[in-house]
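**Q** 3D model of this:
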Amino acid sequence: MAASFGLAALVSGFVFLGFTAFMIPFTKSFDVGRDQISLVFGFSSIAGVAAAPLVGKFGARPVTMVGVTSMGVGLILLSLAQSLLHYAFIHLTLITMGGFVVLFYGSATIVNNWFDKKRGLAFGIVFTGISLGAALVTVVNYLVEGLGWREAALIIGVVGIVVGLPLASLLRERPEDFGMLPDGRRAPTHPAPSVSELKTERGFTLKQALHTPSFWMLSIGFSARNFVIAGMSAHFIPAIEDKGFSSSTGAQMLLVFAFVAGASRVLTAILSDHVRKTRLTALMTAIAGGAFLLLIWADSIALIIVFVLIYSLAWAGSGGGMLSAVRGEFFGRGSYAAISGAGNLVQAGGEFLGPFVAGLLFERTGAYNSAYVVFIGMMGLSTIVMLLTRPPRIPGSKPSPT
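**A** Numbering: from 1, shown residues only. Below is the predicted model of the structure:
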């Protein structure tokens with residue numbers, strides 16, 4: 001749990017949220033618009049899905065270690081990029097692939113293997129590392145401003161490898177390998193059980209999951225949500241600058257974001273083990289959408305802070321930890337990585353378009369307000385879909401008479 005928390009912080013702070021500190025420097029160095037830079041960032045979600053099958057073939061722990069190395073080496077090589085094409089190739093083949101393996105397929109699969117009754121809380125704690133990553137963006141932005149983006153990429157690449165590999169080495173694949181069952185339960189010892197005898201219910205196969213309405217509703221709902229999340233994550237600091245403030249102010253807002261998001265993620269994770277997770281996600285998504293109404297009219301630092309408080313609370317409460325917990329609850333353990341990969345492929349459409357649309361609307365209008373209107377609409381769509389999503393029927397069971 002602690003190792004997964006640390007890895008989530010590194011991936012978030014150096015890649016997924018950290019990208020916002022590089023947005024404007026990239027446009028200047030490569031002489032391109034924000035829409036083109038955002039296109040690469042958005043497409044990375046699609047590229048990252050290719051890593052999902054690796055977990056089933058080689059195991060979550062070794063693949064996570066390879067992912068950490070890939071991410072770190074990619075960031076180091078990024079410091080040498082001379083064009084948009086160079087940046088795109090490095091980002092898509094090394095940085096993104098590594099980040100997705102570490103956060104969404106490797107460590108997430110392991111957490112799902114170890115927890116059942118407290119799955120929501122477990123994922124909430126681990127994904128709180130993403131909130132800590134938001135605080136790390138302040139450090140990344142400081143390096144970018146003080147040393148330049150190339151030097152910053154080199155430094156965080158080295159740090160990612162030096163810190164990430166020891167953390168990844170602490171991960172343990174599944175409780176059955178240690179004579180245990182999920183949630184810390186001890187397996188029978190007389191007679192001594194084999195690994196096959198210790199296996200609990202395996203859940204859905206990928207094929208079975210794909211034939212459920214639940215899979216598609218969940219994927220579409222989070223695709224609409226992640227359209228907004230990816231778009232805002234890529235443009236967070238530029239959006240603050242668009243309101244007339246400095247990039248340093250934007251980075252400081254991420255500190256506020258990190259504090260509130262961390263608390264929100266833990267609290268909503270505790271709630272998620274006692275209420276229907278999809279309903280809780282819908283509520284948080286609706287609140288996040290409403291926050292953009294405030295950002296459209298924000299013209300002072302006070303209103304910016306209020307937006308960040310509301311948005312970070314709702315962002316964390318409906319985030320990746322919640323999605324991972326719902327998937328585990330709906331579909332079980334056996335094919336978790338494969339089902340996550342398939343779901344993420346659907347969601348990648350939203351994650352691909354969100355940053356690009358935000359960048360395109362900025363280039364066309366000179367401001368982000370049009371993007372915020374689109375964000376509100378997508379959050380509304382996500383809220384409706386999540387409210388309509390129901391758990392799938394267990395394979396082989398008979399439909400309930402009700």
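**Q** And what about the closest residue to A286 other than its chain neighbours, helix, strand or coil?
**A** If the residues on either side of it in the chain are set aside, A286 comes closest to T383, at 4.5 Å by Cβ to Cβ, 6 or more residues apart in numbering. In short, each C-beta sits where N, CA and C put it, glycine included. At T383 the chain is in helix, as set by DSSP: H, G, I helix; E, B strand; the rest coil.
**Q** For T383, which residues are in contact?
**A** T383 is in contact with A282, T285, A286, G289, counting by Cβ atoms under 8 Å, 6 or more residues apart in numbering.
**Q** quick one: the helix or strand hosting A152 to chain centroid distance?
**A** For A152, the element it lies in under DSSP states H and E is helix 149-169. Between the centre of helix 149-169 and the centre of its chain there are 19 Å (Cα atoms, centre = their mean, to the nearest Å).
**Q** same deal with stretch 375-391?
**A** The answer for stretch 375-391 is 18 Å, by Cα atoms, centre = their mean.
**Q** What is the burial count for S79?
**A** Burial of S79 is recorded as 17 neighbouring residues (other Cβ atoms under 10 Å).
**Q** show me what contacts it?
**A** Going by Cβ under 8 Å, 6+ apart, S79 touches R150, E151, A153, L154, G157.
**Q** Report the buried members of these.
**A** Buried residues within these, counting neighbours by 16 or more other Cβ atoms under 10 Å: A153, L154, G157.
**Q** you'd agree T27 is up against I37?
**A** Yes. Between T27 and I37 there is a contact under Cβ atoms under 8 Å: 5.8 Å.
**Q** Of these two, give the one with the bigger neighbour count.
**A** I37 (27 against 19).
**Q** Look up how far S382 lies from the more buried one.
**A** From I37 across to S382, the span is 25 Å (Cβ to Cβ, to the nearest Å).
**Q** try S83
**A** For S83 relative to S382 (Cβ to Cβ), the value is 36 Å.
**Q** which one of those two has more residues nearby?
**A** Neighbours per residue, other Cβ under 10 Å: of S83 and S382, the larger number sits with S382, 28 against 12.
**Q** The more buried one: what's it in contact with?
**A** Residues in contact with S382 (Cβ under 8 Å, 6+ apart) are G221, F222, A224, R225, V228, A282, T285, G289.
**Q** ok, so of those residues, who is nearest P213?
**A** P213 lies nearest to G221 out of these, by Cβ to Cβ, at 11.8 Å.
**Q** least trustworthy helix or strand in the protein by mean pLDDT?
**A** Within the chain, no helix or strand scores below helix 195-198, which has a mean of 42 by mean pLDDT, DSSP states H and E.
**Q** picking up where we left off before, can I get the contacts of T383 in JSON lines including neighbour count, pLDDT and distance to S272?
**A** Formatted as JSON lines, the contacts of T383 follow (neighbours: other Cβ atoms under 10 Å; pLDDT from 0 to 100; distance: Cβ to Cβ, whole Å):
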{"residue": "A282", "neighbour count": "22", "pLDDT": "90", "distance to S272": "12"}
{"residue": "T285", "neighbour count": "31", "pLDDT": "91", "distance to S272": "14"}
{"residue": "A286", "neighbour count": "19", "pLDDT": "93", "distance to S272": "16"}
{"residue": "G289", "neighbour count": "23", "pLDDT": "91", "distance to S272": "20"}
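**Q** From those, pick the one nearest L171.
**A** Among those, T285 lies closest to L171 (Cβ to Cβ), at 30.5 Å.
**Q** Assign a three-state SS to that closest one, would you?
**A** Per three-state DSSP, the local secondary structure of T285 is helix.
**Q** residues contacting it?
**A** With contact taken as Cβ under 8 Å, 6+ apart, T285 is in contact with R225, A314, S318, M379, S382, T383, M386.
**Q** Quickly note the distance from the first one to L381.
**A** The one in question is R225. Separation of R225 from L381 (Cβ to Cβ) stands at 9 Å.
**Q** Look up the closest residue to L210, ignoring the ones flanking it.
**A** A342 (6.6 Å).
**Q** residues near the one you found, how many?
**A** The number of residues packed near A342 is 18, by other Cβ under 10 Å.
**Q** What strand or helix carries it?
**A** Judged by DSSP H and E, A342 forms part of helix 336-365.
**Q** for that helix, packing partners?
**A** When contacts are defined as 3 or more Cβ pairs under 8 Å, 6 or more residues apart in numbering; DSSP states H and E, helix 336-365 sits against helix 34-49, helix 52-58, helix 107-114, helix 206-210, helix 213-242, helix 320-331, helix 369-388.
**Q** relative orientation of it and helix 107-114 in degrees?
**A** Orientation of helix 336-365 against helix 107-114 (axes from the mean of the first three to the mean of the last three Cα atoms, to 10 degrees) gives an angle of 140 degrees.
**Q** quick check, distance from helix 336-365 to the centre of its chain.
**A** Distance, stretch centre to chain centre, for helix 336-365: 12 Å (Cα atoms, centre = their mean).
**Q** Next: stretch 112-130.
**A** Relative to its chain's centre, stretch 112-130 lies at 14 Å (Cα atoms, centre = their mean).
**Q** average model confidence for it?
**A** Averaged over stretch 112-130, pLDDT sits at 79.
**Q** swap in stretch 22-35?
**A** Rounded mean pLDDT across stretch 22-35 is 86.
**Q** sorry, back to before: kindly indicate which of the buried ones among the contacts of S79 lies nearest A234.
**A** Nearest to A234, judged by Cβ to Cβ, of the buried ones among the contacts of S79 is A153 at 16.3 Å.
**Q** That closest one touches L78, doesn't it?
**A** Yes. Using Cβ under 8 Å, A153 is in contact with L78, at 4.5 Å.
**Q** in stretch 149-169, what's buried?
**A** Residues of stretch 149-169 classed as buried: 149, 152-157, 159-161, 163-164, 167-168 (neighbour count, 16+ other Cβ under 10 Å).
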